[in-house]
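> just a sequence and a predicted model for now, questions to come.
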Amino acid sequence: MRNLLALLLIFSFSAVFSQNAKIDSLQLEVNNAKGKNRILQLNQLALAFWDVDAKKSIALCKEALQLCDKYKEVILTFCFC
């Protein structure tokens, strides 16, 4: 039973670390993205943030929507906002 609990803790910590690494990587991509490509990167980052910080996720979606309006662009991608 103790081994199972230890194993579960290890997997949960590795999942959190993996999620943070993904968010950090996507944040770098958003920072470097320009124009219409930034919209796609913002949506990916918003999706990654959904389980971690829903308010941040919604703020990122709103920024992406503002850019869509600015560029008069309709981007067909998964957006949950």
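Here it is on my side, so go on.

> please count neighbours and contacts with C-alpha atoms only from this point.
Noted.

> now residue 41, nearest residue through space, not along the chain?
Closest residue to residue 41 apart from its sequence neighbours, by C-alpha to C-alpha, 6 or more residues apart in numbering: residue 30 at 5.4 Å.

> check contacts around that neighbour.
38, 41, 42, 45 (C-alpha atoms under 8 Å, 6 or more residues apart in numbering).

> so the third one sits against residue 60, correct?
Yes: at 6.0 Å, residue 42 and residue 60 qualify as touching, with contact defined as C-alpha atoms under 8 Å.

> and residue 33, how far is that from residue 26?
Distance of residue 33 to residue 26, given as C-alpha to C-alpha, to the nearest Å: 10 Å.

> let me see the mean pLDDT of stretch 54-73.
Stretch 54-73 carries an average pLDDT of 88.

> pull out the buried residues from it.
By neighbour count on 16 or more other C-alpha atoms under 10 Å, the buried set for stretch 54-73 is 57, 58, 60, 61, 62, 64, 65, 67, 68.

> what's the helix or strand harbouring the third one packed up against?
Spelled out, it's residue 60. Assigned by DSSP states H and E, residue 60 belongs to helix 54-70. Packing partners of helix 54-70 (3 or more C-alpha pairs under 8 Å, 6 or more residues apart in numbering; DSSP states H and E): helix 36-49.
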